[in-house]
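[1] The sequence and its predicted three-dimensional model are supplied below.
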Amino acid sequence: MRRPDVRVPILSYHDVSPNPHPAFRRYSLTVREFSRQVRWLAARGYTALDMDALVAARSGGGALPAKPVVITFDDGFQNCVDHAVPILQAHGFTAVFYLVTGLMGSTSRWMADAGVSLHLMSWATARQLAAAGFQCGLHTATHPRLTSLDASRRCAELADSRRRAEEELGRAMVHFAYPYGAVDPPARESVAAAGYVTATSTRPGLCGDADDVLELPRITIHGEEPLPMFLLRLRTGRGVRETLRAVLGRPAQPRR
């Protein structure tokens, strides 16, 4: 008997900070905002999974909990280590951190044009996260739009980041997130050729069995949104804007 297709929300966060940068506020949550969301998930009986568990469940190698959720963080900001990780640990939640491997311990140089410079975690910190039960994935070496690169540069970004991370963390690195959510057929093919098992996009929606494992949908969580908006995204995979775009037939805008 075929198991039912359980739709899993994959939440996408970026920055969690007590003092979000004004120019990055849309993609930054205050500690209070993030804590309120995690407390709500815990109180309602959600179980946080990593990508390995999600893959195992999709392939029939494990059962999903009654209320699964995958919590992901793009970019590997140190703020998330300092402020999000303690909240997650207090509620027994795991999470996935997608790292920009060529800038570890440095700053978010790809955001310089916007006047934003946020510190990235070091390799030592990433090793500590992995030892504590959190999962590390990859977000390329320098955070380019893969769709804007030629084949050679695209393959180098994917292969170099995986090789460096495996050397530093001592484990297979097979989970990937597209920078800016930028993916097209050549980018997807390059990700597959580089040996990644999953890749997450910024296409809004809940993750189900029919979704391409190398273009999994995610739910981008924004700062300054009230809790009811978070609940709408969690349950439907979309916010008000994405719902209206879907109704009107307009494509969703790519995320950072």
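    Sure thing, it's come through.

[2] Which residues does the residue nearest the centre of the chain form beta bridges with?
    Most central in the chain under C-alpha atoms, centre = their mean is Thr72, positioned 3.5 Å from the mean C-alpha point. Beta-bridge partners recorded for Thr72 (DSSP bridges): Ser12, Val96.

[3] Relative to Pro186, how far out is Asn19?
    40 Å (C-beta to C-beta, to the nearest Å). The way it works is simple: take the backbone N, C-alpha and C, and place the C-beta from them, glycine included.

[4] hang on, Ala199 in a helix?
    No. Using DSSP: H, G, I helix; E, B strand; the rest coil, the assignment for Ala199 is strand, not a helix.

[5] List the contacts of it.
    Ala199 sits next to His175, Phe176, Ala177, Tyr178, Val183, Arg188, Val191, Val213, Leu214, Glu215, Leu216 when contact means C-beta atoms under 8 Å, 6 or more residues apart in numbering.

[6] more crowded one of Asn19 and Pro186?
    Pro186 (14 against 9; other C-beta atoms under 10 Å).

[7] Arg154 is in contact with the more buried one, correct?
    Yes. Using C-beta atoms under 8 Å, Pro186 is in contact with Arg154, at 7.3 Å.

[8] where does Tyr46 land on pLDDT?
    What the model reports as pLDDT for Tyr46 is 98.

[9] what's the neighbour count on it?
    So Tyr46, with other C-beta under 10 Å, has 20 neighbours.

[10] for Val197, same thing?
    17.

[11] That one contacts Val55, doesn't it?
    Yes. Here Val197 reaches Val55: they are 6.1 Å apart, a contact under C-beta under 8 Å.

[12] intersection of neighbour lists for those two?
    Common neighbours of Val197 and Val55, counting by C-beta under 8 Å, 6+ apart, are Val213.

[13] Which parts of the chain are helices?
    31-43, 51-58, 78-79, 85-90, 123-131, 151-169, 185-193, 227-236, 240-248 (DSSP state H).

[14] and those as TSV, adding distance to Tyr13?
    Below are these laid out as TSV (distance: least, C-beta to C-beta, whole Å):
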stretch	distance to Tyr13
helix 31-43	7
helix 51-58	15
helix 78-79	11
helix 85-90	11
helix 123-131	15
helix 151-169	20
helix 185-193	22
helix 227-236	11
helix 240-248	17
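
[15] which stretch among the ones you listed comes nearest Ile10?
    Ile10 sits nearest to helix 51-58 of all these, at 7.9 Å, using C-beta to C-beta.

[16] Show me what that closest one is in contact with.
    For helix 51-58, contacts defined as C-beta under 8 Å, 6+ apart pick out 6, 8, 10, 49, 62-64, 68, 70, 96, 135, 137, 175, 197-198, 207, 209, 213.

[17] so which of the contacts of Ala199 would you say is closest to Leu118?
    Checking the contacts of Ala199 against Leu118 by C-beta to C-beta gives Ala177 as the nearest, at 16.8 Å.

[18] Bridged to that closest one, which residues?
    With DSSP bridges as the rule, Ala177 is bridged to Thr200.

[19] mind listing what it touches?
    With C-beta under 8 Å, 6+ apart, Ala177 has these contacts: Ser12, Thr72, Asp74, Tyr98, Gly137, Leu138, His139, Ala199, Thr200.

[20] Dump these into CSV; add pLDDT and distance to Glu33 as well.
    Output for the contacts of Ala177, formatted as CSV (pLDDT from 0 to 100; distance: C-beta to C-beta, whole Å):
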residue, pLDDT, distance to Glu33
Ser12, 98, 15
Thr72, 98, 17
Asp74, 98, 17
Tyr98, 98, 21
Gly137, 98, 24
Leu138, 98, 27
His139, 98, 23
Ala199, 98, 28
Thr200, 98, 22
